[in-house]
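# Using only what follows, build the 3D model:
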Amino acid sequence: MALIEYRGVSKRYGEAWAVHDLDLDIEEGQLVVLIGPSGSGKTTTLRMANRLVEPDSGEVRYAGRPLHSWRPEDLRLGMGYVIQSVGLFPHLSVLENVCTVPRLLGTPRAVAERRADELLHMVGLDPASYRQRRPRQLSGGEAQRVGVARALAADPPVLLMDEPFGAVDPLQRARLQDEFLRIQREIHKTVIFVTHDLDEAVRLADTVVLMRDGRPAQIATPAKLLAEPADDFVRAFVGEDRSLKRLARVDVGGAFRPVSVLRAGERAPEQDASCDGPTHHWVIDGRGKPLGRVKPGDIATPWRTLPTALKPYASLKEALACMLEEGSTVVAVIDDAGVLIGEISLTAIAASSGETGSGGAMELSKTAGTTVPQSIP
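Numbers count the residues shown, from 1 in each chain. Down below sits the predicted model:
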């Protein structure tokens, strides 16, 4: 069911259309990403959802009611809002910042503070360490986490997020994306998320709305947007490497395979003459954690540096990045306890890339700087 509906909505600034005759449904519980070139209407579309911007024509509806029937202050208190510059109140502590909206809504202080502590923990900040800090004492990534916690404090059904991670470095940005995805899996908010970053859109979105000149050029799932661009503009926007971008939407859990394991000191079986057996075996410790690999016939010896390992919910893009980093064609897959449950191979990634025939494998092999073998050493 659509929680927010745009019907024939237009907004003009001077002679230029920011949004023109927009029809768009934001389904309840979905994370919808608005993306497109600068000036395509992304932020204007988002700001019309809570009446920070009023349309010149057309109608926006929220929960079945025309938006103009809502008092702007009630609407904004009922929607979380996160922006790139965070907007924390500099004279208030982290705790006071997170408690702001619940206190405005009349929530008792003790209840609001308990909720704030829960949210700080949820976004990965220890309440005991952070609740009394001032915004100037936070890093960019920490401030963005507090901003997300504040937006969630009144448990709003809708989150509006305008380039929320755009001002932090790439490492922090990836961590914030991971954290937000984890939170969204738990709370299932309706989210409108604006970004310029296609990789971020592909990674986060249930639905991508690619904007052009104030209108959607294509509305699709990330996988369909990359696999089936609607026209030349969309094709140019997503880029020629779209088959690689699709890997960000496929989990390792759907492509890994079981492996043969040995304890340190054991001798690996010789490969049979038909070459049907495994081309390598994994070495594990007494708790099942991976220590390295060994060829058939060799003694199982732990590596000096432990091999990289991924959880099943990591993406194939992350797996490919690990292979490039290590110069390997396989990566260990472990469960939440760190126990080896299988491996993901370059061949499996190529097969999952959405390409037909050998094209996907060849594209990935060029990226990895290696030839895709029939058997992985």
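
# which parts of stretch 222-231 are buried?
Burial within stretch 222-231, assessed by neighbour count using 16 or more other Cβ atoms under 10 Å, is assigned to 222-223, 225-226, 229. No exception for glycine: its C-beta is placed from N, CA and C like everyone else's.

# can I get these in TSV with pLDDT?
Listed next are these as TSV, based on pLDDT from 0 to 100:
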residue	pLDDT
P222	90
A223	86
L225	92
L226	88
P229	91
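
# Return the member of the residues you listed nearest to I35.
I35 has its nearest neighbour among these in L225, at 9.4 Å by Cβ to Cβ.

# Can you tell me the SS state at that closest one?
helix (DSSP: H, G, I helix; E, B strand; the rest coil).

# measure it to T43 for me?
Note on L225: its distance to T43, by Cβ to Cβ, to the nearest Å, is 20 Å.

# tally of neighbours for G140?
15 (other Cβ atoms under 10 Å).

# contacting residues around it?
Neighbouring residues of G140 by Cβ atoms under 8 Å, 6 or more residues apart in numbering: 167-169, 172.

# From those residues, list just the buried residues.
Applying 16+ other Cβ under 10 Å to the contacts of G140 flags 167-168, 172 as buried.

# out of the residues you listed, which are inside strands?
The members of these all map outside strands under DSSP state E.

# show me where pLDDT drops low in the stretch 251-377 of the chain?
Across the stretch 251-377 of the chain, the ranges flagged by pLDDT under 70 are 272-277, 353-377.

# In it, mark out all the strands, start to finish.
261-263, 281-284, 290-294, 309-310, 330-334, 340-345 (DSSP state E, counting those that start in this stretch).

# And the third one, what does it pack against?
The helices and strands touching strand 290-294, judged by 3 or more Cβ pairs under 8 Å, 6 or more residues apart in numbering; DSSP states H and E, are strand 281-284, strand 330-334.

# How about the fifth one?
Secondary structure elements in contact with strand 330-334, counted by 3+ Cβ pairs under 8 Å, 6+ apart, are strand 290-294, strand 309-310, helix 316-326, strand 340-345.

# and E15, how many neighbours?
Counted by other Cβ under 10 Å, the residues lying close to E15 total 5.

# Would you confirm that P55 contacts V9?
Yes: at 4.7 Å, P55 counts as touching V9 under the criterion of Cβ atoms under 8 Å.

# intersection of neighbour lists for the two?
Residues touching both P55 and V9 (Cβ under 8 Å, 6+ apart): 19, 48.

# By residue count, tell me the biggest helix in the protein.
The residue-count maximum for a helix in the chain (DSSP state H) belongs to helix 170-187.

# average pLDDT for it?
In this model, helix 170-187 has a mean pLDDT of 84.

# ok and it relative to helix 316-326, angle-wise?
Interaxial angle of helix 170-187 relative to helix 316-326 (axes from the mean of the first three to the mean of the last three Cα atoms, to 10 degrees): 150 degrees.

# Quick check: buried residues in helix 170-187?
Buried residues in helix 170-187, counted by 16+ other Cβ under 10 Å: 172-177, 179-180, 183-184.

# How about stretch 197-206?
Neighbour counts using 16+ other Cβ under 10 Å place 197-198, 200-205 of stretch 197-206 among the buried residues.

# Among the residues you listed, name the ones in helices.
198, 200-204.

# which of those lies closest to M323?
Of all those, R203 has the smallest distance to M323: 19.0 Å, by Cβ to Cβ.

# possible to save the strands of the stretch 251-377 of the chain as a markdown table with mean neighbour count?
Below are those laid out as a markdown table (neighbours: other Cβ atoms under 10 Å):
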| stretch | mean neighbour count |
| --- | --- |
| strand 261-263 | 15 |
| strand 281-284 | 22 |
| strand 290-294 | 22 |
| strand 309-310 | 20 |
| strand 330-334 | 24 |
| strand 340-345 | 23 |
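
# Select, out of the ones you listed, the one closest to G64.
strand 309-310 (43.3 Å).
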